[in-house]
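Visitor: No sequence on hand, only this structure:
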């Protein structure tokens, strides 16, 4: 594979290779702290659902994050005699080797011989025929807590199909690595799109299980249908805990640093800047060719199959900001999305009226849709302060936080 040349050395300490499942409470003391009980995902608590699956024909929405320890849940269930009839795959596919936004087709899994039905191609939800020979659906994929991360859209679509066809949905819950963060403008539903389906802020602060309860409770399934749910909650989890993912949730969120920065840096998808797509460290670097006179740091996006085939500014040297060593604890302590980088880079960009122009890129991106507000771009261009922009998110943000409390499974 062609290696990427950058102007500084990339520290391999950020790679997910060797990721462990250590978790730390943010309020831990430095004086002989009591070791917190280990976080146990819903999938890992097999004793709570394995008997419930026996004798049933199972469908499962899964991807590479669907694991029990280091073993894929599909393989684990098959080894226990559970009858899996079909696998459903979200964006990036069941095996996680499709690029962002790439349409994925149906196939047969080479390892198990089970039919895989894509829900990120022409079909976005299971059909009645898909569910006809299924007694129970399982949903187990890792989310990262952002409105524009498409797995919560798949969740709603699967819930809709299960409700229409009277199938129970079993959710094996997992922690939200950005669960501490509830921030951003609540989506203006006039801007509803594939990267924004619900009237929620950018960072919603919920697990998949909690979000499923919100979908039911707020009537977000078409026709006000309600999906019958059975949720296996995470043990020993609180929203203010840091959670290091054992498996990357998607090809371009391949480090813990990128996952923590994602709520802030994904907004740059709606600008002329490359945010690391076409490198091995996406969402942790920001830049473009026209910032050469303002920044010394540089990187060169290239085509990376399975990650980004046609990145913005491909094969051009981009200059800008390197966030790979940024202390993400600052984000945790502030409890806010970082807007300083957007303001700084907009001010540095020499052609202001082109900063939010994505016409030359084939990658997904629209700043109004990403922000969830048509005012955000105007505020940046008008020179509004961070506080002024954040204040404009009220009262919607506070109203969402109040509504969210009804559906929480964890403190």
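Guide: The structure has been received and is ready for your questions. None of these values were measured; they are calculated from a predicted model.
Visitor: burial count for the spatially closest residue to residue 156 that is not a sequence neighbour?
Guide: Using C-beta to C-beta, 6 or more residues apart in numbering and skipping residues adjacent in sequence, the residue nearest residue 156 is residue 215, 5.3 Å away. Placement of C-beta: from N, CA and C, glycine included. Close neighbours of residue 215, defined as other C-beta atoms under 10 Å, add up to 22.
Visitor: how close does residue 215 sit to residue 88?
Guide: Using C-beta to C-beta, to the nearest Å, we find residue 215 at a distance of 17 Å from residue 88.
Visitor: Contacts for the longest helix belonging to the chain next, please.
Guide: Using DSSP state H, we find that the single longest helix of the chain is helix 151-164. Under the criterion C-beta atoms under 8 Å, 6 or more residues apart in numbering, residues 61, 88, 90-91, 119-120, 124-128, 130-131, 137, 139, 141-143, 167-169, 194, 197-198, 204, 208, 211-212, 215-216, 220-222, 225-229 lie in contact with helix 151-164.
Visitor: Now the residue nearest to residue 156. Its backbone dihedrals?
Guide: phi -60, psi -50 (degrees, to the nearest 10).
Visitor: what's the domain layout of the protein?
Guide: 46-241, 252-373 (automatic domain parsing).
Visitor: looking at the ones you listed, which is closest to residue 36?
Guide: Of all the domains of the chain, the one in closest proximity to residue 36, counting by C-beta to C-beta, is domain 46-241 (7.0 Å).
Visitor: what's the average pLDDT for the closest one?
Guide: Averaging pLDDT along domain 46-241 yields 93.
Visitor: gap between that domain and the chain center?
Guide: Domain 46-241 has its C-alpha centroid displaced from the chain centroid by 12 Å (C-alpha atoms, centre = their mean, to the nearest Å).
Visitor: Apart from its neighbours in sequence, what residue is nearest residue 264?
Guide: residue 338 (4.2 Å).
Visitor: swap that for residue 59, please
Guide: residue 134 (4.1 Å).
Visitor: Could I get the contacting residues of the one you found?
Guide: 57-59, 85-86, 167.
Visitor: tell me which of those is nearest to residue 107?
Guide: residue 86 (11.9 Å).
Visitor: roughly how far apart are the closest one and residue 210?
Guide: Taking C-beta to C-beta as the measure, residue 86 falls 26 Å from residue 210.
Visitor: Between those two, which is the more surrounded one?
Guide: residue 210 (24 against 19).
Visitor: Just the element for that one, please.
Guide: According to DSSP states H and E, residue 210 maps onto helix 208-217.
Visitor: after that helix, next one along is what?
Guide: strand 229-232.
Visitor: right, and the helix or strand after that following strand?
Guide: Note on strand 229-232: by DSSP H and E, the next helix or strand toward the C-terminus is strand 241-243.
Visitor: Identify each buried residue in the helix or strand just after that following strand, please.
Guide: Using DSSP H and E, the helix or strand that follows strand 241-243 towards the C-terminus is helix 256-265. Using 16 or more other C-beta atoms under 10 Å as the test for burial, helix 256-265 gives 256-265.
Visitor: Next: stretch 82-93.
Guide: 82, 84-93.
Visitor: Weed out the non-buried ones from the contacts of helix 151-164.
Guide: 61, 88, 90-91, 119-120, 124-126, 130-131, 137, 139, 141-143, 167, 169, 197-198, 204, 208, 211-212, 215-216, 220-221, 227, 229.
Visitor: Restricted to helices, list the residues you listed.
Guide: Per DSSP H, these map to helices at 130-131, 208, 211-212, 215-216.
Visitor: farthest-separated two in those residues?
Guide: 130 and 211 (22.7 Å).
Visitor: residues in contact with the closest residue to residue 209 other than its chain neighbours?
Guide: Counting by C-beta to C-beta, 6+ apart, residue 209 lies nearest to residue 173, which is 3.7 Å off, once chain neighbours are set aside. The contact partners of residue 173, taken as C-beta under 8 Å, 6+ apart, are 41-42, 207-210, 231-234, 409.
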